[in-house]
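> Here is my input, please return the structure:
(2 chains)
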Amino acid sequence: MNSKKDLIICRCEEVTEEEIREAIRNGARDVDAVKRVTRAGMGLCQQHTCYSLVAKIISEMTGKPLSEIVPSTERPPVRPIPAKTLAANR
Amino acid sequence: MKIPEKTEVVVIGGGAWGCSIAYQLAKRGKEVVLFEMRNLCSGASGRCGGMMVQLYGGDLTIDKTKERFTFAKYSYNTMMELQDEIGEFEFRERGCLDLATNEEEWEVVKENVKIQKELGDLEIELLSRKQVHELMPSLSDIALGGRWRATDGNLNPFKYTYKLAEGAKKYGAQVFIQTKANKIIDAGEKVEGVVTDKGTIKAEWVVNAANVWVPYLTPEIEIAPVRQLSMATEQAPALKVVPFEVPAPGYPWGTTQTASGNIVIGGAGPMLRDKERFTCFEDHFNEQVSMEDMMECAGYMADLVPELASLNIIRCWAGTIGCTPDGVPNIGFVPGKKNLLVAASSTGGMSEIAGVGKVIAEFIDEGKPSIPMDIYDPARFKDKKAVWPPQPYDLGSIMKFLLKLQRKEKRESVP
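Numbers count the residues shown, from 1 in each chain, chains lettered A, B, ... in the order given. Predicted coordinates:
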């Protein structure tokens, strides 16, 4: 993966590859840790797009195989859902 | 990175408090090693709403409030300094509205404002029903009035914690994540060090800042775990006023808007409205979220601010916060120990982080803090021990206990 500084990795939160690399250089070792520092994955799609990209960058930089990188926590709802829809079913 | 053989201070817990303590100590030139069992900011610090509310809570009495007020201001001033020292962490002074939804709460709010004013707290304002609606027109008609402080606000807990940790590292502190402290080596009046899953370290001082996990390492300190549930919406344009606290039946729920625009709704404790439906009674360490949890949380927002009900919910999460029998955190020496300190069980959101770091650093560096911290002394429960329900907590006992905590000492010392 050739580094392009302005390449957007997380589209929802507009986080660039360089920001993610910076977080990993500062000690982030899994996708959740990167998320907490950079907001990558905190947006509307909740990491559906950037999860594997972030995991690959971590793997590349730390030398850990992808299988050993701790997956991030999946939280409900799987897709965005209006609050009133949930509230109506109380 | 290998764990060093010895150091001056070991801090256990990489939450906002732990990182703040590590930062202030490292800044004073102490050799600091911090252990975090998961990632930085992954306990209560990272699962809260990020509200910065000074003097939070309904249980204010003259004796308690005076010291809490001094500490809150000390902490606030330190936080302002920190913004220059470690960089910006999205603190926005948007004010906080504490609403009363029934007569009883309204009386409490009025009384609290009176007490706070008597103590020289000039910022706190009492708002009538009309004033509340002028301030926040989108709020549904539930409030009888409220308490308003313009210098409260919200911040980004992740940024805050990470910047504190980065700052600590710049001053030479070593931060070990995914390293669990298993035992504090006890030698009578003193402790000698910490055993972790990656090796043993000798230390002159140990600070236990593991929040709800404190009692596992330091059984002298008792902290009740309380599950907290939160939910975030998609990003919305900045609303005029959002942060507010409403005591829902039994427990306070809060709403705030982050700098990015997400609205975060959340609250602690078992929901008393329909106790049959909620699983959170059974396990306060349960970080999973059920469908019922989400519906409850969304319903809360829809009831309070109907305009926001069309927003999409993107994430719902749960975590554990720590509570003490009187709602005041434990900050200070562990009873009977000369070099073991504890700093845990914050219920004041983000407001106490900056102050805690400084106070603990003063304890270690100067022997005592520069402001009175007696009401935070962990030894205050020594003679009047709270009777905690036996672990593992079951549904009935924890509910009874938590209700008792709330009622305890209520208004007792108000003249």
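
> I'd say A:Asp6 and A:Thr16 touch.
Yes. Between A:Asp6 and A:Thr16 there is a contact under C-beta atoms under 8 Å: 5.6 Å. Any C-beta I mention is one placed from the backbone N, CA and C, and that applies to glycine too.

> Just want to know which of those two has more residues nearby.
Using other C-beta atoms under 10 Å in any protein chain shown as the criterion, A:Asp6 and A:Thr16 rank with A:Thr16 on top: 17 against 7.

> what sits against that one?
A:Lys5, A:Asp6, A:Leu7, A:Ile8, A:Ile9 (C-beta atoms under 8 Å, 6 or more residues apart in numbering or on different chains).

> Serialize those to JSON lines and add fields for secondary structure, distance to chain B and pLDDT.
Output for the contacts of A:Thr16, formatted as JSON lines (DSSP: H, G, I helix; E, B strand; the rest coil; distance: C-beta to the nearest C-beta, whole Å; pLDDT from 0 to 100):
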{"residue": "A:Lys5", "secondary structure": "coil", "distance to chain B": "21", "pLDDT": "76"}
{"residue": "A:Asp6", "secondary structure": "coil", "distance to chain B": "20", "pLDDT": "87"}
{"residue": "A:Leu7", "secondary structure": "coil", "distance to chain B": "21", "pLDDT": "93"}
{"residue": "A:Ile8", "secondary structure": "strand", "distance to chain B": "16", "pLDDT": "94"}
{"residue": "A:Ile9", "secondary structure": "strand", "distance to chain B": "17", "pLDDT": "94"}
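
> Most neighbours of all the residues you listed, which one?
The most crowded member of those, judged by other C-beta under 10 Å, is A:Ile9 (23 neighbours).

> so who does that residue touch?
A:Val15, A:Thr16, A:Glu17, A:Ile20, A:Ala40, A:Cys50, A:Leu53, A:Val54, A:Ile57.

> and if you look at A:Lys84?
With C-beta under 8 Å, 6+ apart, A:Lys84 has these contacts: B:Ala298, B:Ala302, B:Ala309, B:Ser310.

> Then B:Glu103?
So B:Glu103 contacts B:Leu144 (C-beta under 8 Å, 6+ apart).

> In terms of pLDDT, where does it sit?
pLDDT recorded at B:Glu103 is 87.

> Check the gap between it and B:Ser128 for me.
Going from B:Glu103 to B:Ser128 by C-beta to C-beta, to the nearest Å gives 14 Å.

> Up against chain B, what does chain A have?
Residues of chain A found near chain B, taking C-beta under 8 Å from any C-beta of the partner chain as the criterion, are A:13, A:26-30, A:32-33, A:36-37, A:39, A:42-44, A:46, A:73, A:75-77, A:80-87, A:89-90.

> Now, those residues that are in helices?
A:Asp32, A:Ala33, A:Arg36, A:Val37, A:Ala83, A:Lys84, A:Thr85, A:Leu86, A:Ala87 (DSSP state H).

> what pLDDT does the fourth one get?
In this case it means A:Val37. The model reports A:Val37 with a pLDDT of 89.

> Show the contacting residues for the residue nearest to it when sequence neighbours are not counted.
Spatial nearest neighbour of A:Val37, excluding adjacent residues (C-beta to C-beta, 6 or more residues apart in numbering or on different chains): A:Ala23 at 4.2 Å. Residues in contact with A:Ala23 (C-beta under 8 Å, 6+ apart) are A:Ala33, A:Val34, A:Val37, A:Thr38.

> Check the gap between the closest residue to the first one other than its chain neighbours and B:Glu307 for me.
Which is A:Ala33. What sits nearest to A:Ala33 in space, not counting adjacent residues and going by C-beta to C-beta, 6+ apart, is B:Asn39, at 4.6 Å. Separation of B:Asn39 from B:Glu307 (C-beta to C-beta): 36 Å.

> Those two: which has the busier surroundings?
Between B:Asn39 and B:Glu307, B:Asn39 has the larger neighbour count (other C-beta under 10 Å), namely 22 against 13.

> Now do the contacts for the residue nearest to the spatial centre of chain A.
With distances taken as C-alpha atoms, centre = their mean, A:Gly41 lies nearest the centre of chain A, 3.8 Å away. Taking C-beta under 8 Å, 6+ apart, we find A:Gly41 in contact with A:Cys10, A:Glu13, A:Val31, A:Val34, A:Lys35, A:Gln47, A:Cys50, A:Tyr51, A:Val54, A:Ser72.

> rerun at 10 Å
Applying C-beta atoms under 10 Å, 6 or more residues apart in numbering or on different chains to A:Gly41 gives the contacts A:9-10, A:12-13, A:15, A:31-32, A:34-35, A:47-51, A:54, A:72, B:315.

> go on, B:Ser140?
B:His133, B:Ala302, B:Asp303, B:Leu304, B:Val305, B:Pro306, B:Glu307.

> how about a cut-off of 7 Å?
Going by C-beta atoms under 7 Å, 6 or more residues apart in numbering or on different chains, B:Ser140 touches B:Asp303, B:Leu304, B:Val305, B:Pro306.

> Weed out the non-buried ones from these.
B:Leu304, B:Val305 (16 or more other C-beta atoms under 10 Å in any protein chain shown).

> now the contacts of B:Ser140 as a markdown table including distance to chain A, secondary structure and pLDDT?
A markdown table is the format used below for the contacts of B:Ser140 (distance: C-beta to the nearest C-beta, whole Å; DSSP: H, G, I helix; E, B strand; the rest coil; pLDDT from 0 to 100):
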| residue | distance to chain A | secondary structure | pLDDT |
| --- | --- | --- | --- |
| B:Asp303 | 8 | helix | 84 |
| B:Leu304 | 11 | helix | 84 |
| B:Val305 | 10 | coil | 86 |
| B:Pro306 | 9 | helix | 88 |
